[in-house]
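Peer 1: the following comprises the amino acid sequence and a computationally predicted model.
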Amino acid sequence: MATEVIVRIGRTENNYAACVEGLDGFVCTADTFEELKKEVSEGIDFHLEGLREDGDPVPEVFESQYSLVYKWEVESLMDYYKGIFTKAALERITGINQTQLGHYAAGRSKPRKQQIVKIEKALHQLGEELCTISF
């Protein structure tokens, strides 16, 4: 069974950015999330190759089969889906006030763990409901 490796997704002024837990010194950026996923995969291989060439230790998780799990910052996820989910729609499914969601999206405040869980559960529930649709 593959070990999960966490990739943290954030947003810079112009790009999406990623760092990989357990792989010190690794960071990459790209214009889109799709490009970022490709950069992460290729970048990990390149980074590990460099560690091996330099005789530096390679984290154990990367010595066997692993899978990448992308975890978003709330601000970054809201930016990514801003053309799909309005703050009003997010308020309806999460129960979190639009103004507060706007603060999260703009990075003016960080949601507490409880709010993060609420947003995540609401989006997962919506996804499950959408998967049941058939025509």
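Peer 2: Looks like it arrived, so ask away. Residues are numbered from 1 along each chain as shown.
Peer 1: so Leu90 sits against Gly102, correct?
Peer 2: No: taking Cβ atoms under 8 Å as the contact criterion, Leu90 and Gly102 are not neighbours in contact, 9.9 Å apart. The C-beta positions use only the backbone N, C-alpha and C, and glycine is treated the same way.
Peer 1: neighbour-wise, which of the two wins?
Peer 2: More neighbours surround Leu90 than the other of Leu90 and Gly102, with 22 against 14 (other Cβ atoms under 10 Å).
Peer 1: so how far is Ala17 from the more buried one?
Peer 2: For Leu90, the distance to Ala17 equals 23 Å [Cβ to Cβ, to the nearest Å].
Peer 1: which other helices and strands contact the lowest-mean-pLDDT helix or strand in the chain?
Peer 2: Taking mean pLDDT, DSSP states H and E as the measure, the helix or strand of the chain with the lowest value is helix 74-80, at a mean of 91. Applying 3 or more Cβ pairs under 8 Å, 6 or more residues apart in numbering; DSSP states H and E, we find helix 74-80 packed against strand 3-11, helix 98-106, helix 113-131.
Peer 1: can you give me the domain boundaries for this structure?
Peer 2: Under the assignment named as automatic domain parsing, the residue ranges that make up the domains of the chain are 3-72, 74-131.
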